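Q: Here is my input; please provide its structure:
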Amino acid sequence: MPTLSSKIQRWILLPLWGAIWVWVSSSAALAQSARPVRLQKGPYLTGLCESGVDVRFELDGAAAATVEVDRAAGATEARTFEDRTRTTMHVVRATDLAPAATYAYVVRVDGKTIGTGRFTTAPKPESGAPLKFLVYGDDRTDPTAHAAVVRELGASSSDFLVNTGDMVEDGGRAEDWQSFFDVEAPLLRDRALFVAIGTMSSTTIGRGRTSPATSAFPVLTGAPSRTAPSASATCASSF
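A: Residues are numbered from 1 along each chain as shown. Take a look at the predicted model:
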């Protein structure tokens, strides 16, 4: 039979353990929130046209972000484009840019630089200026060969890139997409990528799963994209 002493101990210890548990949980949550947010993927470029581009990147924690864009030659003042939504996947559209102009950009979270790159906008269609693009694809299953292709592409100048699809082996497997973006990071931060989502990396892959490609790239179908405005929605023309 419990004694008065044991009852008193329970009355004291149970609230004390509860308080300790709350304190430990709160401390862990505060430590997590205080940890600096880092890039998970990107930055990389899509939707390039003569007056704008999408700067895309994924963070390892939810946060708002900004992209600062400036003429590489320093001819104009820098402009800042914001995505105030606290989320991990960001698509920041830089607009009203000059045609055939080179820009540098900086990605910032909480005022700290987490990524940089540069791009050149398309010339006006009526200018008749030539364009050069590189085509590649089917870079799934072999990261070593993929990296070799990326090095060769990086050594060749071009205005943009076209990937013909099958970028990963399993479109529903997050680690496959992480490998893709890790390998292509030095290439994609400076050149816009236009993709044809192949069967292996399809945005709809069955069994109730949706491919990360849905948020990683614009979905250019007969219906408007739900992930970001297409280039045609914000530009007079696009590649």
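
Q: Just the buried residues of the biggest strand by length in the chain, please?
A: If you go by DSSP state E, the chain has its longest strand at strand 53-71. Along strand 53-71, the positions that meet the burial threshold by neighbour count (16 or more other CB atoms under 10 Å) are 53-59, 63-71. C-beta coordinates here come from the backbone N, C-alpha and C atoms, glycine included.

Q: Other residues contacting the helix or strand following it?
A: Taking DSSP states H and E as the definition, the helix or strand that follows strand 53-71 towards the C-terminus is strand 79-94. By CB atoms under 8 Å, 6 or more residues apart in numbering, the surrounding residues in contact with strand 79-94 are 40, 47, 52-70, 95, 103, 105, 215-216, 227-229, 234.

Q: next one: phi and psi at V150?
A: The phi and psi torsions at V150 (degrees, to the nearest 10) take the values phi -60, psi -40.

Q: check contacts around the closest residue to it other than its chain neighbours.
A: What sits nearest to V150 in space, not counting adjacent residues and going by CB to CB, 6 or more residues apart in numbering, is L187, at 5.2 Å. Neighbouring residues of L187 by CB under 8 Å, 6+ apart: 150, 153-154, 161.

Q: that's a helix at L187, yeah?
A: Yes - read with DSSP: H, G, I helix; E, B strand; the rest coil, L187 is one of the residues of a helix.

Q: Roughly how far does it sit from A147?
A: With the distance defined as CB to CB, to the nearest Å, L187 ends up 10 Å from A147.

Q: lowest average confidence, helix or strand, in this structure?
A: helix 231-234 (a mean of 44; mean pLDDT, DSSP states H and E).
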